[in-house]
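Asks: show me how the following folds:
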Amino acid sequence: MNRVSFHLVRSMARTAACVAPVGRHVAALAARCPAPMSPIRPAGSALPVWRRAISTNAPAAAAADEPAAEAQAVQPLNSEVVVGQAQKHEFQAETRKLLDIVARSLYTDKEVFVRELVSNASDALEKLRHRQLTSTAGGQPADAEVPTEINIFTDDKANTLIIQDSGIGMTRDELVTNLGRIGYSGSLEFVKQAQASGDASARDIIGQFGVGFYSAFMVGDRVTVYSRAAAPGSVGYMWTSDGTGAYEISEAEGVARGTKIIIHLNDKSHEFASQQVVNNVLKKHSTFVGFPVRLNGKQINTLKALWTMSKDQISADEHKEFYQFIAHAWDDPLFKLHYSTDSPINIRSLFYVGHSHTEKFGMGRLEPGVNLYSRKVLIQAKAKNLLPDWLRFIKGVVDSEDIPLNLSREHLQDSALIKRIGTVLSKRIMKWLDQEAKRDAAKYNTEFFAEFGSFLKEGACTDHYFKDDIAKLLRMESSKVASGELTSFEEYLERAKPAAAAAAETAGESAKAPAAKTNIYYLVAPSRAVALASPYYEAFKAKDKEVLLMYSSLDDFVMANLGEFQGAAIISIESAAAAEAIKKLDAEAKDADKPADAAAKLSGAELQEFISWLKDTLSGQVSTIKESDRLVDSPAIIVDHESASYRRMMKYVDPSRAPELPKQALEINPKHTVIRKLNAARLAKPNLAKLVAEQVFENALVSAGLLDDARSMVGRLNRLMDSALEVGADVEPEVLTQSK
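Replies: The predicted model follows:
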């Protein structure tokens with residue numbers, strides 16, 4: 001052992017008590033070492049003992065008989081010794097001002113300093129790897145056996161945080177240039193030189209602004225840096241500053257290859273001396289750094305950056321582990337999308353849909369589920385402006401080398417470019433969901449749409465740009481499919497084609513004539529049973545016309561906002577437009593009233609007298625009363641009324657300002673027995689006729705969903721039942737069947 005090694009080991013032995021258990025082995029080694037007999041080796045060439053102590057997952061430097069728990073307590077060895085005279089350098093006035101801005105104002109969250117320093121360490125390792133790959137001399141760096149990794153140590157008692165890499169290191173001039181001048185990025189300069197020589201292998205370099213190192217002064221009263229360049233025979237140096245106006249550089253021995261940063265934490269940042277706090281920060285910001293990151297000897301970044309890998313290289317278990325990490329979930333992913341593109345800019349992404357979400361439990365609105373990375377370093381967790389808010393159930397990552405970042409790398413600069421990226425990703429996500437729906441319709445309908453359909457409906461209501469794409473993903477029941485099964489707009493139109501062709505043939509239209517415009521009809525009701533029993537559905541049922549059935553109050557807003565789908569108008573069968581469509585269907589089918597039907601209904605002067613009496617009886621509640629063209633089995637309906645869902649929404653928003661029910665337009669069915677008998681009763685039993693008329697009207701309000709409180713009709717129903725029980729004749733059996 002030479003003179004430098006002897007003094008170095010002896011110096012470490014003196015501190016063995018505070019670096020147990022490794023210190024005890026160093027002390028034992030020093031006791032066995034003879035005095036140096038050979039000349040001094042070049043400064044800085046000593047083997048970095050701390051690397052041998054922590055470079056493996058297992059504590060290889062510990063003796064075989066050491067207790068396991070004690071062996072895991074890995075601590076850094078303070079092997080550096082200052083041997084030269086310190087030279088003091090003043091920061092330039094501009095640098096001093098900028099340093100104060102960086103330390104106090106640039107970053108919104110001071111934990112980001114860990115991300116910045118780890119990114120710098122990763123760049124140093126990447127530069128070393130790049131130099132080894134591109135070196136024409138083919139020589140090995142100093143301490144070639146030392147693994148390329150990042151080691152971080154917390155010391156709660158000393159109130160320090162150490163971040164150390166075994167990367168390319170710095171010479172004295174590089175320390176002055178890189179650390180003494182804020183805003184100069186050695187990493188950016190390195191990339192420019194590589195690109196100028198036609199070498200694209202340096203694309204994993206992260207740094208570009210030259211301010212990340214100074215974030216250490218947000219949390220530190222003093223920062224000390226030990227660094228030795230990777231070239232064989234390089235000398236080690238110490239750089240130190242309190243971040244106010246000057247820094248000092250000294251020559252140092254015992255400096256390992258790479259850079260070691262010691263942050264003496266200030267009183268307000270003591271939490272960063274805690275292993276748990278730093279562990280959480282590393283998990284959040286630096287999980288996917290391309291080199292091993294160890295905290296007090298334990299590797300933190302064990303997950304792979306799956307979005308950078310080929311799809312064929314990723315196993316189902318790796319997808320599950322990654323999804324659970326990124327989504328903070330415990331289930332398996334339901335769907336996954338691995339998407340990459342180079343236009344409009346370079347993007348690598350990985351998206352997941354889980355099996356469930358928490359909004360349905362009333363646990364508050366979900367935060368955005370996609371994290372934004374640049375070169376595998378977190379830029380924004382839960383990025384808000386990347387995807388539309390209604391896609392917040394999507395979990396995953398987006399990584400781009402070209403995303404324009406601000407100086408702190410916490411915010412994006414080019415909002416127009418980010419918007420284009422978001423548009424590309426959103427369209428690809430919707431295409432992916434559509435593909436999943438076609439690949440396995442049962443899985444999409446019963447697992448995905450049943451759980452996440454409300455998010456798609458929100459998008460249909462709020463996102464005009466994507467509403468046509470969203471419409472393809474919506475599912476609902478239909479009068480043409482079995483109860484519980486779902487269908488889509490596209491399937492509705494496919495089923496309508498044969499019916500339209502048959503109708504054209506019946507009407508005697510030429511096969512070469514343009515196809516008649518198809519409408520999409522829907523009804524929003526509390527349930528399928530209520531929908532199929534609705535008076536608004538009667539005419540469509542009689543003409544075998546398909547109607548989509550929807551059961552959520554939100555569906556009214558969804559369909560109204562969509563308006564059409566692939567050129568087909570979306571029409572509520574409660575609307576006046578539906579009545580006009582029924583008339584057109586009647587005309588096309590030449591389905592006019594037969595003479596027998598005309599004899600069985602009120603008509604002419606008799607009908608007009610009845611309408612006049614009914615309007616007087618319901619004075620203040622109806623605006624118009626006229627004969628209906630679409631009723632089959634019901635006596636009356638309300639038409640052209642406001643949405644029942646809208647009324648409920650307004651009532652929920654402010655119950656004290658719920659809109660009053662305006663006068664309604666009433667249509668009556670002059671063929672219905674209730675209407676015909678009511679016409680006879682208005683003269684023979686005027687009091688009973690008034691009760692029945694009011695009940696007919698309120699029944700129509702119930703069918704339209706406009707009666708806010710049905711308790712108002714209970715008294716009238718009791719009186720009607722009392723009158724009905726006084727009649728001697730019993731009801732017919734079919735009446736009992738209809739009432740069920």
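Asks: give me phi/psi at residue 459?
Replies: Residue 459 has phi and psi values of phi -60, psi -40 when expressed as degrees, to the nearest 10.
Asks: out of everything not next to it in sequence, what's closest to it?
Replies: Counting by Cβ to Cβ, 6 or more residues apart in numbering, residue 459 lies nearest to residue 390, which is 3.6 Å off, once chain neighbours are set aside. No exception for glycine: its C-beta is placed from N, CA and C like everyone else's.
Asks: show me where the stretch 251-400 of the chain has its strands.
Replies: Applying DSSP state E, counting those that start in this stretch to the stretch 251-400 of the chain gives strands spanning 258-265, 293-295, 298-299, 335-341, 347-353, 370-374, 377-380, 395-399.
Asks: report the angle between the last one and strand 347-353.
Replies: Yep, that's strand 395-399 we're talking about. 180 degrees (axes from the mean of the first three to the mean of the last three Cα atoms, to 10 degrees).
Asks: could you list the buried residues of the next helix or strand after strand 395-399?
Replies: Past strand 395-399, further along toward the C-terminus, the next helix or strand under DSSP states H and E is helix 415-439. For helix 415-439, burial by neighbour count (16 or more other Cβ atoms under 10 Å) applies to 417-418, 421-422, 424-426, 428-430, 432-434, 436-437.
Asks: pretty sure residue 675 sits against residue 600.
Replies: No. Here residue 675 does not reach residue 600: they are 11.2 Å apart, not a contact under Cβ atoms under 8 Å.
Asks: compare these two (neighbour count), which wins?
Replies: Using other Cβ atoms under 10 Å, the more surrounded residue of residue 675 and residue 600 is residue 675, with 24 against 15.
Asks: contacts only, for that one.
Replies: 602, 610, 635, 636, 668, 669, 696 (Cβ atoms under 8 Å, 6 or more residues apart in numbering).
Asks: three-state assignment of it?
Replies: The three-state label given to residue 675 by DSSP: H, G, I helix; E, B strand; the rest coil is helix.
Asks: excluding its backbone neighbours, what's nearest it?
Replies: Distances taken as Cβ to Cβ, 6+ apart place residue 635 nearest to residue 675, at 5.1 Å, with adjacent residues excluded.
Asks: got a list of what that neighbour touches?
Replies: Contact analysis of residue 635 by Cβ under 8 Å, 6+ apart lists 668, 669, 672, 674, 675, 696, 699.
Asks: change it to 10 Å
Replies: Each residue near residue 635 by Cβ atoms under 10 Å, 6 or more residues apart in numbering is listed here: 535, 628, 667-678, 692, 695-697, 699-700.
Asks: and for residue 316?
Replies: With contacts defined as Cβ under 10 Å, 6+ apart, the neighbours of residue 316 are 332, 333, 336.
Asks: hey, what's residue 571 bridged with?
Replies: residue 521 (DSSP bridges).
Asks: residue 523 versus that one, what's the distance?
Replies: 10 Å (Cβ to Cβ, to the nearest Å).
Asks: for these two, work out which one has more neighbours and name it.
Replies: residue 523 (23 against 20).
Asks: nearest residue to the middle of this structure?
Replies: Residue closest to the average C-alpha location in the chain (Cα atoms, centre = their mean): residue 369, at 2.7 Å.
Asks: I'd say it and residue 359 touch.
Replies: No. Judged on Cβ atoms under 10 Å, residue 369 makes no contact with residue 359 at a distance of 11.9 Å.
Asks: pretty sure residue 223 is touching residue 238, no?
Replies: No. Between residue 223 and residue 238 there is no contact under Cβ under 10 Å: 11.2 Å.
Asks: overlap in contacts, these two.
Replies: residue 262.
Asks: I'd say the residue nearest to residue 459 and residue 455 touch.
Replies: Yes. Applying Cβ under 10 Å as the test, residue 390 and residue 455 come out as touching, 5.3 Å apart.
Asks: what residues are shared contacts of the two?
Replies: Joint contacts of residue 390 and residue 455 (Cβ under 10 Å, 6+ apart) are residue 470.
Asks: measure how buried residue 320 is and give me the count.
Replies: Using other Cβ under 10 Å, the number of residues around residue 320 comes to 16.
Asks: ok, and the closest non-adjacent residue to it?
Replies: Excluding its sequence neighbours, the residue lying closest to residue 320 (Cβ to Cβ, 6+ apart) is residue 332, at 5.5 Å.
Asks: from memory that neighbour sits against residue 356, does it?
Replies: No. Using Cβ under 10 Å, residue 332 is not in contact with residue 356; the gap is 11.1 Å.
Asks: ok so, going back, need the residues touching each of residue 369 and residue 359.
Replies: Both residue 369 and residue 359 are contacted by 392, 393, under the criterion Cβ under 10 Å, 6+ apart.
Asks: separation between the closest residue to residue 610 other than its chain neighbours and residue 671?
Replies: Take residue 610 and drop its neighbours on the chain: the residue closest to it by Cβ to Cβ, 6+ apart is residue 679, 4.7 Å away. Separation of residue 679 from residue 671 (Cβ to Cβ): 12 Å.
Asks: where does the closest residue to residue 219 other than its chain neighbours land on pLDDT?
Replies: With Cβ to Cβ, 6+ apart as the criterion, residue 219 has its nearest non-adjacent residue at 3.6 Å, and that residue is residue 269. Confidence at residue 269, expressed as pLDDT, is 94.
Asks: same question, residue 705
Replies: Looking at residue 705, the pLDDT reads 85.
Asks: surely it and residue 661 touch.
Replies: No. Contact between residue 705 and residue 661 fails when scored by Cβ under 10 Å: they sit 11.5 Å apart.
Asks: these two - which one has more neighbours?
Replies: Taking other Cβ under 10 Å, residue 705 and residue 661 do not tie; residue 705 has more neighbours (22 against 14).
Asks: got a list of what the more buried one touches?
Replies: Counting by Cβ under 10 Å, 6+ apart, residue 705 has contacts 524-526, 530, 534, 553, 556, 574, 638, 641, 643-645, 647-648.
Asks: do that again at 6 Å, thanks
Replies: For residue 705, the contact set (Cβ atoms under 6 Å, 6 or more residues apart in numbering) comprises residue 644.
Asks: hmm, back to that, surely the residue nearest to the centre of the chain touches residue 398?
Replies: No. Judged on Cβ atoms under 6 Å, residue 369 makes no contact with residue 398 at a distance of 11.2 Å.
Asks: relative to residue 720, how far out is the closest residue to residue 713 other than its chain neighbours?
Replies: Excluding the flanking residues, the one nearest residue 713 by Cβ to Cβ, 6+ apart is residue 698, at 5.2 Å. Distance of residue 698 to residue 720, given as Cβ to Cβ: 12 Å.
Asks: how about residue 375?
Replies: Taking Cβ to Cβ, one finds residue 375 at 77 Å from residue 720.
Asks: for residue 697, same thing?
Replies: Separation of residue 697 from residue 720 (Cβ to Cβ): 13 Å.
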